[in-house]
Each structure stands twice: as C-alpha cells, then as structure tokens.
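Quick one: sequence plus predicted model below, questions after.
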Amino acid sequence: MKYRQWFKFQNMIEFCTKKRMVFAVIALICLSVVTLILESRWSFQKKLKDAHIQAMAYSNETCKSGKYTTLDVCKSCTRDELRRDVHYCHEKGYKLLIKCSDMRIMYKGCDITPDDEQRQFWIFEGVCLVIGIASYLVVHHRRSMLDQIMMDKINKQIAAGI
C-alpha cells in the first residue's frame, strides 16, 4: 500500500469517533450472535437426521443383527487409536461403546453431539475474548506510557524555553 493510500485510510479511521466505533463493534457482535443462533437452529435438525442415518449404517457394519445398546456416551478417540487407524475412529474421530444383541461388546464410530460441539465453540470464543481483553489492556498501558513520555519531553522543552 502506498503512503498516500495508507494516510487516507488512517484519516478515515481517525474520523470515526469513539461512539461510532463502540456502535460498530456492538453491531458486529449482535450480528454474529444472531447468525450463530440461526445457524445452530437450522443445522440442528439436519445433524440429528444425519446422526440417525449414520448410526443405522454403523450398526449394520458392527452388529450382525443390527440391534445394540449403548453402554457409554460418544467419546473422542485417543491419539493412539487415531495413529493406528482403527476402523471405528477412522472417519469421525469419535467412538461409542456398544453391546450387541449377541452379547459382544465393541466400539463403533459416532458423530460428536451438538451439545459437545457447542460447548467447544463457546470455550473457543471465551479464550478469544480473554486474549482480546488482555491485548486491549496491554495496548492501553503502552499508550499511557508513551503519552507520559511525550508529556515529559514537552515539559522539558517548555522548561528549557524552546
């Protein structure tokens, strides 16, 4: 970017008052929240239907009768299982402990639950918020230090009579 273009861009940012910037940030946050709510509601039904279809497909592969009971919740596969390329961890990276009707106990692949996916998303958002707040505090502290240094220089120049 050339200097003139950068200078125009910088003036455009300085044109925005603090009130306008706060309004813009609040508007973006509201838009993001509305988008997340709509996306989660819209895709939840599709995820449930896909999970049911995949559960049927996996059940036919693992249990010969197709009937089974779940013994545990869907958990993520360990690094060892992913490295060894175990068949039930290969596609999705999650496993479900089941008991077939012929009394065999085995694992089968499963999808992550929407609740787990949502929890992981909010953890990510929380970490981003903490990093953003920490960055703001560091920048604010640095700006106040630089302002103090500038005021000291100005006071020295005034005291020297320049």
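Arrived safely, thanks for sending.

contacting residues around the lengthiest strand in the chain?
The residue-count maximum for a strand in the chain (DSSP state E) belongs to strand 94-100. Strand 94-100 has contacts (C-beta atoms under 8 Å, 6 or more residues apart in numbering) with 59, 62-65, 67-77, 81, 88-89, 105-112. C-betas here are computed from N, CA, C, even on glycine.

tell me the SS of residue 106?
Residue 106 falls in the strand class when you classify it by DSSP: H, G, I helix; E, B strand; the rest coil.

Okay, and which of the contacts of strand 94-100 map to strands?
Taking DSSP E as the definition of strands, the contacts of strand 94-100 contribute 68, 69, 70, 75, 76, 105, 106, 107, 108, 109.

any idea how far the first one is from residue 18?
The gap separating residue 68 from residue 18 is 61 Å, by C-beta to C-beta, to the nearest Å.

what about those two, which has more around it?
Taking other C-beta atoms under 10 Å, residue 68 and residue 18 do not tie; residue 68 has more neighbours (21 against 7).

how about the helices of the chain, start to end?
Chain-ordered helices for the chain, with DSSP state H as the definition, fall at 3-15, 18-62, 79-84, 87-90, 114-160.

what about the fourth one, distance to the chain center?
For helix 87-90, the distance between its averaged C-alpha position and the chain's averaged C-alpha position is 25 Å (C-alpha atoms, centre = their mean, to the nearest Å).

ok, now the longest one?
On the basis of C-alpha atoms, centre = their mean, the separation between the geometric centre of helix 114-160 and that of its chain is 21 Å.
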